[in-house]
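Student: model this:
(chains A and B)
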Number of protein chains: 2
Amino acid sequence: MRIVVDAMGSDDHPVPDVAGAVMAAREFGDEIILVGDEARIKAELDKHDTTGLSLPVRHASQAISMTDKPAEASRTKKDSSMHVGLGMVKNGEAEAFVTAGNTGGVLAVATLHTLRRIRGVLRPALTVIFPLPTRPILLDIGANADCKPEYLAQFALMGSIYAERVLGVQRPRVGVLSNGEEEGKGNQLVKETSQLLAQSSLNFIGNVEAKEFIAGGTDVAVADGFTGNMVVKVSEAISSHLINMIREEIKASPLTAVGGLLAKPAFDRVRRAMDPFEIGGAPLLGVNGVVIIGHGRSNAYAIKQAVGQARRAVQQDVVAAIEAGLADGR
Amino acid sequence: MRIVVDAMGSDDHPVPDVAGAVMAAREFGDEIILVGDEARIKAELDKHDTTGLSLPVRHASQAISMTDKPAEASRTKKDSSMHVGLGMVKNGEAEAFVTAGNTGGVLAVATLHTLRRIRGVLRPALTVIFPLPTRPILLDIGANADCKPEYLAQFALMGSIYAERVLGVQRPRVGVLSNGEEEGKGNQLVKETSQLLAQSSLNFIGNVEAKEFIAGGTDVAVADGFTGNMVVKVSEAISSHLINMIREEIKASPLTAVGGLLAKPAFDRVRRAMDPFEIGGAPLLGVNGVVIIGHGRSNAYAIKQAVGQARRAVQQDVVAAIEAGLADGR
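Tutor: A predicted model of the protein is given here:
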């Protein structure tokens, strides 16, 4: 398998991106193509022992940075590492694209300029696997701020296929994220989406509240990209607020400080369990190729994990499965 | 001052409701009118020493329960404690109403059957003061699932007046809750609301992300009731998930268990700091009278705190200030 890794993606690119590619080439034995500034990539590769690994470099003269405006950059930086890398997937030179770069940028380059949508897809959706014991997935988390019920119904189908094929969940339970489980709760979008899903062949379980989602009450939850993004951002912000507060309070007296030191392994386990890097990245479902978007703060391990995720999506033929599912009109 | 407390509100009514009313009468020296099943209230009052306190009882033959459907119950249970208590505020027999009962029920009874809206208010909003060091407020958190930009602009005005008058914030900063601070981020509702607020005389600071809100970057944040409710529910669910996880991990080995025991005072301080009961309840802004809605799980202390909150809203003439603010067309 050939997987393209964007060497110009992460906040500290190309360091973690190249290191992650090397780790992935070693662990999976695949060809990992690094795309970006050739000189910088080669200099970085020289720091690693790459004997026996297949790590070709493809030059791209531009890069879309975190501060670039996505739509504009996708039009003007036609030789960006994203254009070149996604173009290779489109042309069949590689099977998947992994980046830790500007999310809006990947989205625009993939949707508007290279891969484009799978036939029948109304809107691609950015998908997150929540770092919770049951690994529930939520989509859309930011590709589409304003959505119609038909979009959410497709997100449900795409999420269900992903959970089934990549996460190995049998007949995934699908819910609509809402403020209350009772029928009649939710906004207009939630109500109309529920009606559509009730008629589908998916394993639709109705409205799902935040609490239920977090407790593992569903395998897939759908939301408009504004709400989904809010859920992700609030989760992150509340978690770090709480952890900081506990840390401060523990440091406040010598006795609690000793307690905190003894309990440290427990805190470390919690931190690890909730580490989004364990999972890798967010698949962009609905575009005509496998695309995994990592966090800007990704380290080498996170990049390697994202490559692993991309491999499974390729092996399980997620793109073809989504196309077939849509054609079935499920 | 005369404040009505719904004795039939909380999950364990009338026990905490009556005990909280007694605490409030003692602490504030006000007349606290208990409304609900007279026999049960009197039996409960007999358990307390009420010497010198003014705690009259007003009988109501019905009660709206947590499982009642709000709109229906507000129509059919015309002699509920909510109807009777809110009716007293409407008739000038009392200055405020406090309940820990069915939120949708209070909302329906107040808006449709008793107090009704302040002149000029398009939609009342349920308002929460977040248990965070900076006490930011968020509205609407569930009264209106679907909103128009004009509603949110009014929420901003009402929230700003509340923060100024009741929380003592000078010229409160007001933001629109959004997924990204940059202009152009947000859904259609956020964008149009921002335009309206930019033209207002409020201290509008633009879009506010979850992280910024939680870090105290704004005093008031507005959202549609679906989004606002989601933010509250996700915050609660993530906090308790994280705390449970830490508790489990600490118990997992003897050494970390000892550490947890030593660090317990620190955890207790965090729990207290994040306790919504410290604040009391959620004001329902925009109805023509002071209404504070407590959590169903309220204990006596929470009820007392909610009464304290109601007193400040009455003293600071929040209702008249909102009416004047709307008339000014701010």
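Student: now the helices for chain A?
Tutor: A:15-28, A:38-45, A:70-76, A:81-90, A:103-108, A:149-165, A:188-198, A:210-214, A:225-251, A:254-262, A:264-273, A:300-315, A:318-327 (DSSP state H).
Student: what residue ranges in the stretch 201-330 of chain A score low on pLDDT?
Tutor: A:275-278, A:329-330 (pLDDT under 70).
Student: Can you report phi and psi for residue A:179?
Tutor: Backbone torsions for residue A:179, taken as degrees, to the nearest 10, come to phi -90, psi 70.
Student: neighbours around it, how many?
Tutor: Residue A:179 has 24 neighbours, counted by other C-beta atoms under 10 Å in any protein chain shown. All C-beta atoms are positioned from the backbone trio N, CA, C, and that covers glycine.
Student: what sits against it?
Tutor: Going by C-beta atoms under 8 Å, 6 or more residues apart in numbering or on different chains, residue A:179 touches A:185-186, A:209, B:142, B:145, B:225-226, B:229-230, B:233.
Student: State the pLDDT value of it.
Tutor: With respect to pLDDT, residue A:179 scores 84.
Student: The closest residue to it other than its chain neighbours and residue B:177, how far apart?
Tutor: Distance criterion C-beta to C-beta, 6 or more residues apart in numbering or on different chains; nearest residue to residue A:179, sequence neighbours excluded, is residue B:229 at 3.9 Å. Noted for residue B:229: a distance of 12 Å to residue B:177, by C-beta to C-beta, to the nearest Å.
Student: what do you get for residue A:145?
Tutor: Distance from residue A:145 to residue B:177, counting by C-beta to C-beta: 13 Å.
Student: overlap in contacts of the two?
Tutor: residue B:190.
Student: Between these two, which has more neighbouring residues?
Tutor: Between residue A:145 and residue B:177, residue B:177 has the larger neighbour count (other C-beta under 10 Å), namely 27 against 22.
Student: Hmm, the more buried one is touching residue B:139, no?
Tutor: No. Using C-beta atoms under 8 Å, residue B:177 makes no contact with residue B:139, being 10.1 Å away.
Student: Mutual contacts of these two, please.
Tutor: Residues touching both residue B:177 and residue B:139 by C-beta under 8 Å, 6+ apart: B:221-223, B:228.
Student: In strands, which of these appear?
Tutor: Judged by DSSP state E, those include B:221-222 as members of strands.
Student: Just the closest of the shared contacts of residue B:177 and residue B:139 to residue A:264, please.
Tutor: Comparing the shared contacts of residue B:177 and residue B:139 against residue A:264 with C-beta to C-beta places residue B:221 closest, at 35.1 Å.
Student: residue contacts, the closest one?
Tutor: Neighbouring residues of residue B:221 by C-beta under 8 Å, 6+ apart: B:136-139, B:159, B:174-177, B:208, B:213.
Student: Kindly state the pLDDT recorded for residue A:182?
Tutor: Reported pLDDT for residue A:182: 63.
Student: Find the closest residue to chain B in the stretch 1-150 of chain A.
Tutor: Among residues of the stretch 1-150 of chain A, the one nearest chain B by C-beta to the nearest C-beta turns out to be residue A:145. It sits 4.0 Å away.
Student: burial count for the closest residue to that residue other than its chain neighbours?
Tutor: In space, residue A:145 comes closest to residue B:187 once its chain neighbours are excluded; the distance is 4.0 Å by C-beta to C-beta, 6+ apart. Residues near residue B:187, counting by other C-beta under 10 Å, number 21.
Student: Then the one 5 residues further on?
Tutor: Taking other C-beta under 10 Å as the neighbour definition, residue B:192 ends up with a count of 17.
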